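Participant: I need the structure of the sequence given here:
(one chain, ligands or ions: 1)
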Amino acid sequence: MKKTALVLSAAACLCAAISAQAADLKFDPDKFETRSIKAGEKEVKFRAYEGIVYVAKPVDSRFQRLNFYVPARYFEDKKDETGKFDASSAPIFLPNSIGGYMPGEPFTPALDKNGKPNAVLTALERGYVVATPGARGRSSKDANGKFSGKASAAIVDLKAAVRYLKFNDAAMAGDANKIISNGTSAGGAMSALLGVSADAPEFEPYLAALGAAKASDEIYAVSAYCPVTNLENADTAYEWMFGAQTKYEKMDFGTLDAAGFNDRSGKLKTVHGELSGEQKELSAALKSAFPAYVNSLNLKDAKGRALILEPNGEGSFKEYLKKTLADSYAAAKSRDKSLLKPEFFTLETQGCTLGYDFKFDDYILSMPRAKAAPAFDGLRLENPENDFFGDADAAAKHFTEFSAKRGGGEIADAKIIKMANAMNYLGNANAAKFYRIRHGTADSDTALAVPLILALGLQNAGKTVDFAAPWGQGHGGDYDLDELFRWIDRVVK
Ligand code: DHB
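Facilitator: Model prediction:
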């Protein structure tokens, strides 16, 4: 009798715990403030629901929270001014604030330092609902001083935020079946990963431990600016592209906090240098490993032609990358004829037609490397990516055999490395269908080959991909919001 009572009360306890957890994750539609921001002539009025903790068992509620914004006009005249959407059909723009693999707090609608609306405010102005997720990052620590934001924390947090939106779709404005993710650099890598890795089973235990809402984390579309992704292969790609350049101008990562990464407008502290003899040897060894990687992917262009590299690093993949650069130059030139000298081109007559050849080495030598060698997996675990692959107790680890063998020290768990790279989920049936990827031609934070391979891999997997390398654009994102939202307007139709 006594025993039965005990069992019953334990069961009652469990039920109470479960319902409390569900209650925690319930969106409160009445908890908002109405605000407005003047952007030029326009007044953008919106409802702001801020600081929503999106998991039932947060380990870091400063970052595991989201802000949610809804254009106020949906509650006044119901439709947006172009008549595209209403309160329940408006797609949800989801920009993450991750930079440098550091923790990021939710973005807010604001004007930038030039008085231009940021991506959140632009989205609201254009009739989108906006959810801005925060996420843990490599420097996050828990109450016991243990690291709590190493890989895979950031992607798990973004997934948990998506699950919250889906779980509460009926009570929240916007259509959670039309979530469009956006991010820059490390945040671009996470944006792409969020799109491709939807509902992949290996993330489940992490989501369960956080008490994430029971829902799918599938999203509709991905925007990724200069994604610093494919970290296992980024060192070989970097040397294949930048091997001829020995000068570097590196960010001093030690001096940067999350705010430093997220405010790319400020002057970042940089360290100048020249590759040492040892680094040049490492560069050559890494460069020679890249063709085998590219060839293993069986990449094809839009016409089905194989994109490969010979052991010497030449081949159709390189020609394709050169054409990407040449097309970018041609597009920029046609927009502004006075702007550019064709310094990286030689004109050639091919039979009757006038062709051009892109001088790849001149282009590479025209900008400093943003990294020494190896660019990402530092032999002394000195890079932000080493930090990202640490664990609760270890500040930093390797993530390539190449650097682990030469530098010594621990290598991260193979599964954790896999779970950080969008390339490993290209065949996922639940992956988002639409991708927009940008990487500026003046960006040497990662090799252009990395986002290009991602774009080709996605295209070869049947996705709709819009890839471009804007001419002269350096490391950064959200610089072409008009075009970004025109693309979003098209894909959400
Ligand atoms: C970022 C930049 C880097 O050069 C890098 O290695 C990782 C992240 C960033 O801007 O997010």
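
Participant: For residue 333, grab the count of nearby residues.
Facilitator: Using other CB atoms under 10 Å, the number of residues around residue 333 comes to 15. C-betas here are computed from N, CA, C, even on glycine.

Participant: Oops, could you answer that again for residue 253 instead?
Facilitator: 19.

Participant: Quick check: the nearest residue to it once chain neighbours are set aside vs residue 376, distance?
Facilitator: Take residue 253 and drop its neighbours on the chain: the residue closest to it by CB to CB, 6 or more residues apart in numbering is residue 384, 5.1 Å away. Distance of residue 384 to residue 376, computed by CB to CB, to the nearest Å: 9 Å.

Participant: start to end distance for stretch 236-253?
Facilitator: Taking CA to CA, to the nearest Å as the measure, stretch 236-253 stretches 21 Å from start to finish.

Participant: surely residue 456 meets residue 307?
Facilitator: Yes - at 6.8 Å, residue 456 and residue 307 qualify as touching, with contact defined as CB atoms under 8 Å.

Participant: sorry, back to before: which residues are in contact with the residue nearest to residue 253?
Facilitator: Taking CB atoms under 8 Å, 6 or more residues apart in numbering, we find residue 384 in contact with 100, 101, 102, 138, 186, 253.

Participant: burial measure for the nearest residue to residue 365 once chain neighbours are set aside, as a count.
Facilitator: Among residues not flanking residue 365 along the chain, residue 245 sits closest, at 5.8 Å (CB to CB, 6+ apart). Using other CB under 10 Å, residue 245 has 18 neighbouring residues.

Participant: How about the one 3 residues further on?
Facilitator: A count of nearby residues for residue 248, using other CB under 10 Å, gives 21.

Participant: Is residue 398 in contact with residue 412, as I believe?
Facilitator: Yes - taking contacts as CB under 8 Å, residue 398 lies within contact range of residue 412: 6.9 Å.

Participant: Quick check: neighbours shared by the two?
Facilitator: What both residue 398 and residue 412 touch, as defined by CB under 8 Å, 6+ apart, is the set residue 389.

Participant: Of these two, which one has the most company?
Facilitator: Neighbour tally, residue 398 and residue 412, criterion other CB under 10 Å: the higher count belongs to residue 398, 25 against 22.

Participant: Is the more buried one bridged to anything, and to what?
Facilitator: Residue 398 has these beta-bridge partners by DSSP bridges: residue 411.

Participant: contacting residues around it?
Facilitator: Contacts for residue 398 (CB under 8 Å, 6+ apart) come out as 377, 381, 386, 389, 404, 407, 409, 410, 411, 412.

Participant: Weed out the non-buried ones from those residues.
Facilitator: 377, 381, 386, 389, 404, 407, 411, 412 (16 or more other CB atoms under 10 Å).

Participant: what mean pLDDT would you report for stretch 301-315?
Facilitator: The average pLDDT within stretch 301-315 is 97.

Participant: Over to stretch 435-450 now: how far is its first residue from its last?
Facilitator: Terminal residues of stretch 435-450 are spaced 15 Å apart (CA to CA).

Participant: Apologies, that question was intended for stretch 165-185.
Facilitator: End to end - CA to CA - stretch 165-185 spans 24 Å.

Participant: Identify each buried residue in it, please.
Facilitator: Neighbour-count burial for stretch 165-185 [16+ other CB under 10 Å]: 165-169, 172-176, 178-185.

Participant: hmm, it touching the ligand?
Facilitator: Yes - against the ligand, stretch 165-185 shows contacts by CB under 6 Å from any ligand atom at residue 185.

Participant: Indicate the residue of the stretch 151-300 of the chain located nearest to the ligand.
Facilitator: When distances are taken as CB to the nearest ligand atom, the stretch 151-300 of the chain reaches nearest to the ligand at residue 185, 3.0 Å away.

Participant: For the helix or strand harbouring residue 236, the averaged confidence score.
Facilitator: In this structure, residue 236 sits in helix 231-242 according to DSSP states H and E. Averaged over helix 231-242, pLDDT sits at 98.

Participant: Contacts made by it with the rest, please.
Facilitator: The contact list for helix 231-242, computed with CB under 8 Å, 6+ apart, reads 228, 230, 282-284, 286-287, 289-291, 293, 309, 313, 364, 369, 371, 373-377, 385, 399-400, 402-403, 417, 420-421, 423, 444, 446-450, 453.

Participant: residues near the closest residue to residue 246 other than its chain neighbours, how many?
Facilitator: Nearest non-adjacent residue to residue 246, counting by CB to CB, 6+ apart: residue 275, 4.5 Å away. For residue 275, the neighbour count with other CB under 10 Å is 19.

Participant: residues contacting residue 275?
Facilitator: Applying CB under 8 Å, 6+ apart, we find residue 275 in contact with 246, 247, 248, 283, 369, 372, 373.

Participant: do that again at 10 Å, thanks
Facilitator: By CB atoms under 10 Å, 6 or more residues apart in numbering, the contact set of residue 275 is 242, 243, 245, 246, 247, 248, 281, 282, 283, 369, 372, 373.

Participant: Just the buried residues from these, in PyMOL please.
Facilitator: If you want just the buried ones from the contacts of residue 275 in PyMOL, going by 16+ other CB under 10 Å, the selection is:
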select buried, resi 242+243+245+246+248+282+283+369+372+373
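
Participant: what helix or strand does the residue of the stretch 301-450 of the chain found nearest the ligand sit in?
Facilitator: The ligand sits closest to residue 445 of the stretch 301-450 of the chain, with a gap of 3.7 Å, by CB to the nearest ligand atom. Per DSSP H and E: residue 445 is located in neither a helix nor a strand.
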